[in-house]
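A.B. asks: Structure for this input, please:
(chains A and B)
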2 protein chains.
Amino acid sequence: MAETGFVLWLTGVSGAGKTTIASRLAADLRALGRRVDVLDGDELRRSLCRDLGYSREDRERHAERVAFVAERLSRHGVVVIVALITPYRSARRRVREAIPRFVEVFVKCPIEVCAARDVKGLYRKARGGEIPNFTGVSDPYEAPESPEITVETDREPPDASIRVIVKWLRDHGYING
Amino acid sequence: MAETGFVLWLTGVSGAGKTTIASRLAADLRALGRRVDVLDGDELRRSLCRDLGYSREDRERHAERVAFVAERLSRHGVVVIVALITPYRSARRRVREAIPRFVEVFVKCPIEVCAARDVKGLYRKARGGEIPNFTGVSDPYEAPESPEITVETDREPPDASIRVIVKWLRDHGYING
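C.D. replies: Numbers count the residues shown, from 1 in each chain, chains lettered A, B, ... in the order given. Predicted coordinates:
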């Protein structure tokens, strides 16, 4: 089981902590001897998805392409960590259907907390009308109803969230060690 | 070296034998204990690239997306075999730049031979004007000038082409065994 790939799909609004959790979790899983790859939504917008914007249709295409790459990598034993807002339930349902071993992780943080952090200054711009289709401000975020894992980043530091995820993966036979 | 991934990029016109060589070669390399994946241009048009057509711009995007996936897989030790017409030199140059361990395989066969075989009936339709932008008929194919490997599928059966490729990979340290 230990060398079977799978996909951890981190969904949550901007600033919830997806990228931070993804990169630290990747390091921890590599330390356990696994091959790991991180597919970060923002990064992919500069490569595989650079033709896409933020409309609902484009977000769904974005998720679909990321799912394609993730599934393909996971076939070869890679643990793939996706960090992508994926605000629509329909898109998350489709990516789940496309990926045999799929673990949805809801990176949960109230919009008000993310907007107060506003690490990249995006919420300020979005609220000022400078960024259209901004999830949580001018675009919806449909929270997961039954994700495999939920981490609450306004209540726990990243290390605690990572412990929750790693424990779940061990308990469910996705990783050993 | 044996577990280092690389990308074999099969370029050539429709009907030259890319898909046949890709699938048999994949089986042979798996038998040597390697992880192998095949990215077939036609298949990807039904998934990752289903928004793309056959204009020069779309063909270049197609090649770019396939290169992204191929490079990503090769990072994890996978031997990736791409079967994609890739008719433009500029696109092949760009994918070569994007992929550290890149082996270009020219699957060479005169258009007249491919059109006479016409396994899928595409040449007949293209010559009848039913398929626009058809490589070798209404669209150019810019033959590689210095591919790592050339196989001539009008002069040798697929098994012979595969032996040429495998020998090259051994001689250059891409595979053992």
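A.B. asks: Show the pLDDT at the residue nearest to residue A:34 when sequence neighbours are not counted.
C.D. replies: In this structure, residue A:34 finds its nearest non-sequential neighbour in residue A:79, 5.0 Å apart by Cβ to Cβ, 6 or more residues apart in numbering or on different chains. To be clear about C-beta, it is placed using only N, CA and C from the backbone, and glycine gets the same treatment. At residue A:79, the pLDDT value in this model is 98.
A.B. asks: One more: the one 4 residues further on?
C.D. replies: We have a pLDDT of 98 for residue A:83.
A.B. asks: Show me what from chain A comes close to chain B.
C.D. replies: Proximity of chain A to chain B, by Cβ under 8 Å from any Cβ of the partner chain, involves residues A:35, A:37, A:47-48, A:51, A:61, A:65, A:68-69, A:72-73, A:75-78.
A.B. asks: Please repeat the previous calculation with a cut-off of 6 Å.
C.D. replies: A:35, A:47, A:48, A:65, A:68, A:69, A:76, A:78 (Cβ under 6 Å from any Cβ of the partner chain).
A.B. asks: hey, where'd the strands end up in chain A?
C.D. replies: Here chain A has its strands, by DSSP state E, at A:6-11, A:36-40, A:79-83, A:102-108, A:149-152.
A.B. asks: okay, the angle between the second one and strand A:79-83?
C.D. replies: Going back to what we said before, that points to strand A:36-40. Relative orientation of strand A:36-40 versus strand A:79-83 (axes from the mean of the first three to the mean of the last three Cα atoms, to 10 degrees): 20 degrees.
A.B. asks: Can you pull out the residues in contact with strand A:36-40?
C.D. replies: A:19, A:22, A:26, A:29-30, A:66, A:70, A:73, A:78-83 (Cβ atoms under 6 Å, 6 or more residues apart in numbering or on different chains).
A.B. asks: These: which two are farthest apart?
C.D. replies: A:30 and A:66 (20.6 Å; Cβ to Cβ).
A.B. asks: Show me the shaky parts of chain A.
C.D. replies: Scanning chain A for pLDDT under 70 picks out A:1-2, A:177.
A.B. asks: can you give me the offset of the top helix by length along it from its chain's centre?
C.D. replies: Determined from DSSP state H, the single longest helix within chain A is helix A:56-74. Averaging C-alpha positions (Cα atoms, centre = their mean, to the nearest Å) puts helix A:56-74 12 Å from its chain's average.
A.B. asks: buried sites along that helix?
C.D. replies: By neighbour count on 16 or more other Cβ atoms under 10 Å in any protein chain shown, the buried set for helix A:56-74 is A:59-74.
A.B. asks: Mind giving me the packing neighbours of that helix?
C.D. replies: strand A:6-11, strand A:36-40, strand A:79-83, helix A:89-98 (3 or more Cβ pairs under 6 Å, 6 or more residues apart in numbering or on different chains; DSSP states H and E).
A.B. asks: will you turn these into TSV that also has distance to residue A:123 and mean neighbour count?
C.D. replies: Shown next, in TSV, are the helices and strands packed on helix A:56-74 (distance: least, Cβ to Cβ, whole Å; neighbours: other Cβ atoms under 10 Å in any protein chain shown):
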stretch	distance to residue A:123	mean neighbour count
strand A:6-11	18	27
strand A:36-40	19	20
strand A:79-83	18	28
helix A:89-98	22	16
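A.B. asks: Could you work out which of the ones you listed reaches nearest to residue B:151?
C.D. replies: Closest among those, using Cβ to Cβ: strand A:36-40, at 32.1 Å.
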